[in-house]
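*Asks:* My questions are about this predicted structure, shown below with the sequence.
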Amino acid sequence: MVEINLSAEVRKLAEERGIPLEQVREVVQHGEETKEKLLLDDQTLAKKRIGTTTVYVVYRRAGEAIDVVTVYSHRMEEREVSDFVPDDVQPWRCGRCNKNVVRASMNVSYLGITRQAPAMACPDCGVGFFEEHIVNKTLCTAMCLFEKKRA
Amino acid sequence: MKFIVDPDPKWVEHATKRFAAPFVGRPYDRIDVDPILLSEAGYLAGFSAKEWYLNPKKGIASVIAAHEAFDLIPVAHWWPTIHVWEQELGNKLEWRENQPPHIKENAIKTPEDIDKLEVVSEEEIKKGPTYTSFVEAFDYVRDNYPNWFVPLYFAFHPEANASQLIGLEKFLVMTIRNPPLCHKLIQKFMETSLNGCRALVERYGSAMIVTGSTVAGSDLLGPKQVKEFGVRYVSELVKKALKIGAGPQIWYHHCGNHARDWELWKDTIFTPFTVMQIGYEGRKPFPLEKLKQLYGRRATLMGNVDTMVAYSGSPTQVYEMAKEQILAAKDSPYGFISGLACECPHGSPPANIHALVRAARDFGKYEGD
């Protein structure tokens, strides 16, 4: 089993965001096995849908172990990716295709409502990811608004 | 004593539910209406445009009163001028009795001065007229009418505001003769505006992003230039504003004629709470059927009844134009809000606003509701 290291700061963040260590391990394993991940310098961004939550982990290799940089998650259902903007190249590369990802949109569903959200995606294989601020600010507020407006 | 009578809580509850409908895909009552009442709300309450713009509390209160009186969306919007964040960079404005404020003196006299222009820091922004007047208006609503409270990051239009710093003609010449300098000017305006965003988000936790285009449209620039000076900066501004913590509500207001560039704006950023509005195709209101095809699954659409018809046309003309738009866009996948193509001109007849709402009542009822 791969050793997963979380600094005190990241551990606190994971606790606050309700992401257990076991899920962090699952996401890292998923990224490494499927190559469904993004790469930037020595950092890797992987994600996995676990139950009703999609968990994201940014990590870097430290020998045989993994150092976790940050973790975040959301409860919207990620769906199809569209509206690739080839001119807006992002620094991350696709773990499968080794191509730089570009800005795109990903459909997300919550409480039966489907809308677009800004994402970054591989122009070749189409895999899409959300950045941390989009999840923690844009999607988080959107979920609250959906809940409030649906009430 | 408050300037207006407190809105009826039952009406607010009903209007709030109706306003939420397009965003949550749950039809309720009828298509909502937002004629973008700004100083017109002051006119309806018996005071001048100048007074409306220079008195944030009274101005925003008049919007609340007008929205209740005409059964419109329950959102109190107010901004001190469309020349937001420009005074901080050196523009001088002049207030006129019954028109919006205009530029008296440009901050930049020659293109060479652009290099000397400095981005205004967040600390300085907090002392400036744009931020302080927004805070006066929004604090007033938050403290007195919390159900109406939606703070705005009124970025307005990066390329248009930047052009106002040097003057439109010089700016247009620069887009051809010296594009890098043009980019530098837009960038400096945009970074100043984003510092305004930081200050507002710090105070209110979030803010609805209001942006779009005016100069980057089909009357003044070609599609390639619209992409270069408009789409690029609106995308960058929204991307950065979201990172700061503004949004997820975005209102894209593409002012004026966008006959040749309307498709380009699909490359900007769409969040789950985006409203898309394009003013005109040539001299006519942009066809809602076309807008629905491209943007109906990207955003909630907003109508665009001709502002000249609202100002000088008859109630019947307003009614017929609104009817046509409602019938074209009522079934748009992410919903539709009826409205005017731009700010309701100061002095527009109240009967014309009533006609706009009447069309929504007559043709905008949701099936089975």
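*Replies:* Now that the structure is in, tell me what you want to look at.

*Asks:* Please make it C-alpha for all contacts and neighbour counts, starting now.
*Replies:* Fine.

*Asks:* ranges for the helices of chain A?
*Replies:* A:8-16, A:21-34, A:132-133, A:140-150 (DSSP state H).

*Asks:* what's the average pLDDT for the longest one?
*Replies:* In other words, helix A:21-34. Here helix A:21-34 scores 96 as its mean pLDDT.

*Asks:* returning to what we had before: please convert the helices of chain A to TSV, extending it with distance to B:N178.
*Replies:* Shown next, in TSV, are these (distance: least, CA to CA, whole Å):
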stretch	distance to B:N178
helix A:8-16	48
helix A:21-34	47
helix A:132-133	35
helix A:140-150	41
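
*Asks:* Identify the residue spatially nearest to the residue in the stretch 101-250 of chain B positioned nearest to chain A, adjacent ones excluded.
*Replies:* Chain A sits closest to B:P248 of the stretch 101-250 of chain B, with a gap of 5.1 Å, by CA to the nearest CA. Of all residues not flanking B:P248 in the chain, A:T138 sits nearest, at 5.1 Å (CA to CA, 6 or more residues apart in numbering or on different chains).

*Asks:* which residues touch the one you found?
*Replies:* By CA atoms under 8 Å, 6 or more residues apart in numbering or on different chains, the residues touching A:T138 are B:242, B:245, B:247-248, B:271.

*Asks:* make it 10 Å
*Replies:* Shown in contact with A:T138 (CA atoms under 10 Å, 6 or more residues apart in numbering or on different chains): A:117-118, A:132, B:206, B:242-243, B:245-249, B:271-273.

*Asks:* Equivalent analysis for B:N106, please.
*Replies:* B:N106 sits in contact with B:86-87, B:89-93, B:163-167, where contact means CA under 10 Å, 6+ apart.

*Asks:* Which of the contacts of A:T138 fall within helices?
*Replies:* Among the contacts of A:T138, the members falling in helices (DSSP H) are A:132, B:242-243.

*Asks:* quick one, domains of chain B?
*Replies:* Per automatic domain parsing, the domain ranges recorded for chain B read B:1-78+B:301-369, B:106-271.

*Asks:* which one of the contacts of B:N106 sits closest to B:V226?
*Replies:* Set against B:V226, the nearest of those by CA to CA is B:S163 (13.6 Å).

*Asks:* Okay, the closest one and B:K224: tell me how far apart.
*Replies:* 18 Å (CA to CA, to the nearest Å).

*Asks:* show me what contacts the residue of the stretch 101-250 of chain B closest to chain A?
*Replies:* The contact partners of B:P248, by CA under 10 Å, 6+ apart, come to A:117, A:134, A:137-142, A:145, B:206-209, B:238, B:241-242, B:270-274.

*Asks:* So what sits opposite B:T300 in the bridge?
*Replies:* Note on B:T300: beta-bridge partners by DSSP bridges are B:V275.

*Asks:* Next, the contact list for it, please.
*Replies:* B:T300 is in contact with B:22-23, B:251, B:272-277, B:292, B:329, B:332-337, counting by CA under 10 Å, 6+ apart.

*Asks:* got the end-to-end distance for stretch B:107-126?
*Replies:* Terminal-residue distance, stretch B:107-126 (CA to CA): 19 Å.

*Asks:* What residues sit buried inside it?
*Replies:* B:107-108, B:111, B:114, B:117, B:119-122, B:125-126 (16 or more other CA atoms under 10 Å in any protein chain shown).

*Asks:* re the thing from before, and the domains of chain B: which comes nearest A:Y110?
*Replies:* It's domain B:1-78+B:301-369; of these, that one is closest to A:Y110 (CA to CA) at 9.6 Å.

*Asks:* Okay, strands next: where are they in chain A?
*Replies:* With strands called from DSSP state E, chain A shows them at A:4-5, A:37-40, A:43-50, A:53-62, A:65-74, A:77-94, A:100-110, A:113-121, A:128-129.

*Asks:* Those: which one's closest to B:E51?
*Replies:* Using CA to CA, the nearest of the strands of chain A to B:E51 is strand A:113-121, at 39.7 Å.

*Asks:* Do any residues in the closest one lie close to chain B?
*Replies:* Yes. Strand A:113-121 is in contact with chain B by CA under 10 Å from any CA of the partner chain, via A:113-119.

*Asks:* any idea which of these has the most stuff around it?
*Replies:* Neighbour counts for the residues of strand A:113-121 next to chain B (other CA atoms under 10 Å in any protein chain shown) peak at A:P118, which has 28 neighbours.

*Asks:* Identify the residues contacting that one.
*Replies:* A:P118 touches A:81-83, A:103-107, A:128-131, A:134-135, A:138-139, B:239, B:242, B:268-272, counting by CA under 10 Å, 6+ apart.

*Asks:* Which residue, neighbours along the chain excluded, lies closest to the most centrally placed residue in chain A?
*Replies:* Central residue of chain A (CA atoms, centre = their mean): A:Y56, 3.7 Å from the mean position. Leaving aside its sequence neighbours, A:Y56 sits nearest to A:K47 (CA to CA, 6+ apart; 4.3 Å).

*Asks:* How about B:H183?
*Replies:* Once flanking residues are discounted, B:H183 sits nearest to B:F229: 7.3 Å by CA to CA, 6+ apart.

*Asks:* Quick check: residues of chain B near chain A?
*Replies:* Neighbours of chain A within chain B, by CA under 10 Å from any CA: B:16-21, B:23-26, B:206, B:232, B:235-236, B:239, B:242-249, B:266-274, B:297-299, B:334.

*Asks:* Tell me which entries of those residues lie within strands.
*Replies:* Going by DSSP E, the strands hold B:249, B:273-274 from those.

*Asks:* doesn't B:P22 make contact with B:D29?
*Replies:* No. Taking contacts as CA atoms under 10 Å, B:D29 lies outside contact range of B:P22: 11.2 Å.

*Asks:* Counting neighbours, what do you get for the residue of the stretch 1-150 of chain B found nearest chain A?
*Replies:* Residue nearest to chain A within the stretch 1-150 of chain B (CA to the nearest CA): B:A20, separated by 5.6 Å. Per other CA under 10 Å, the neighbour tally for B:A20 reads 20.

*Asks:* Could you pull up the residues touching it?
*Replies:* Per CA under 10 Å, 6+ apart, neighbours of B:A20: A:145-146, A:148-150, B:26-28, B:32, B:73.

*Asks:* just the buried members of those?
*Replies:* Buried, going by 16+ other CA under 10 Å: A:145-146, A:149-150, B:27-28, B:32, B:73, out of those.

*Asks:* Out of those residues, which one has the lowest pLDDT?
*Replies:* Lowest confidence among these: A:R150, with 70.

*Asks:* I'd say that one and B:F19 touch.
*Replies:* No. With contacts counted by CA under 10 Å, A:R150 stays clear of B:F19, the gap being 11.3 Å.

*Asks:* what's the closest non-adjacent residue to A:C140?
*Replies:* A:C140 sits nearest to A:H74 (CA to CA, 6+ apart), 7.2 Å away.
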